[in-house]
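K.L.:
Everything below, folded, please.
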Amino acid sequence: MTIFAVHYTYEPAKAALRDEHRPLHREWLGKEFRAGNVLACGPYPDGSGALILIQAASLDAAEAFLANDPFNAHRAVDGIRVVEWTEVFGPFGS
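P.N.:
Numbers count the residues shown, from 1 in each chain. Modelled structure (predicted):
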């Protein structure tokens, strides 16, 4: 499996929408973390977005996986950047 770094971008105008859907978003992240699909995740302290490290077979599979995130389903994210990531040192290496 390939690791992808997912960068969510948040704008202040959608803060209330994110607040509304955050419980479902976190529930989804937790379920996918326990399943091994989400490796790590968390928001940036300045409120500008979040980082999610996921495992997927391909970029298309990663994008399809992210479509299930309630934040995406409710259009609470302003931008999404998905890039393949290569771990040099860290806990995810095989």
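K.L.:
tell me, what residue is most central in this protein?
P.N.:
I52 (3.7 Å; Cα atoms, centre = their mean).
K.L.:
ok, G30 - contacts?
P.N.:
Shown in contact with G30 (Cβ atoms under 8 Å, 6 or more residues apart in numbering): no residues. Placement of C-beta: from N, CA and C, glycine included.
K.L.:
Same check on Y44?
P.N.:
Counted by Cβ under 8 Å, 6+ apart, Y44 has contacts 50-51.
K.L.:
That one and V88: what is the separation?
P.N.:
Remark: distance between Y44 and V88 (Cβ to Cβ, to the nearest Å) = 22 Å.
K.L.:
Likewise for E20?
P.N.:
39 Å.
K.L.:
Those two: who's more crowded?
P.N.:
E20 (14 against 5; other Cβ atoms under 10 Å).
K.L.:
show me what contacts that one?
P.N.:
Contacts of E20 (Cβ under 8 Å, 6+ apart): 74, 76.
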